[in-house]
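Participant: Pasting the sequence and the predicted model now:
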Amino acid sequence: MIGFFIALVSGALMSVQGVFNTQVTKSSSIWAANAFVQFTALLVCLGAWLLSDRSSLLAPLRVEPKYMLLGGAIGAFITYTVIKSMDSLGPARAVMLIVVAQLLVAYVIELLGWFGVEKQPWEWRKAIGMAVAIAGIIIFKWK
């Protein structure tokens, strides 16, 4: 149950963050805003690290395969694409498309067992759920 609650909080925070970042971009450039966002995230993470565990900051460098270290770089492009999509589509439409894209890619990752994730079998109910989500986007966008 706690995972469900945390996921809901995560989704809400992502939506609010996207709106905030889009507004910051209006007073600067997208890459300057993105750098500021990533820098403030670094400061928060360092503060949380100082207050909580103080494990080795270099420990993540031991991860294998090494491409798993690209999460931060991907995060910079996530911030960029969220800002651009919210600016051009508005928060609600952008978030709906972002969430459906996340769901679709996550399901493919599970089905194929990519990136060390345990492979899952195909389930029609999940495919139907995805179709319902896509239909929801079409209905939401319909004028």
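Facilitator: Received, thanks. What you see is a predicted model; the values in this text were computed from it and never measured.

Participant: Show me where the protein dips below the pLDDT cut-off.
Facilitator: 143 (pLDDT under 70).

Participant: need the longest helix for it.
Facilitator: helix 2-25 (DSSP state H).

Participant: could you point out which element follows it?
Facilitator: The element immediately downstream of helix 2-25 (helix or strand, assigned by DSSP states H and E) is helix 30-51.

Participant: Buried residues, that next one. List them.
Facilitator: Neighbour-count burial for helix 30-51, counted by 16 or more other CB atoms under 10 Å, picks out 30, 33-34, 37. C-beta here means a position set from N, CA and C on the backbone, and glycine is covered the same way.

Participant: next one: stretch 60-74
Facilitator: Of the residues in stretch 60-74, none is buried (16+ other CB under 10 Å).

Participant: So what touches that stretch?
Facilitator: Applying CB atoms under 8 Å, 6 or more residues apart in numbering, the contact partners of stretch 60-74 are 38, 115.

Participant: which stretch of helix or strand covers the residue positioned nearest the centre of the chain?
Facilitator: The centroid of the chain falls nearest to Ile78 when counting by CA atoms, centre = their mean (6.6 Å). Here Ile78, judged by DSSP H and E, is contained in helix 71-89.
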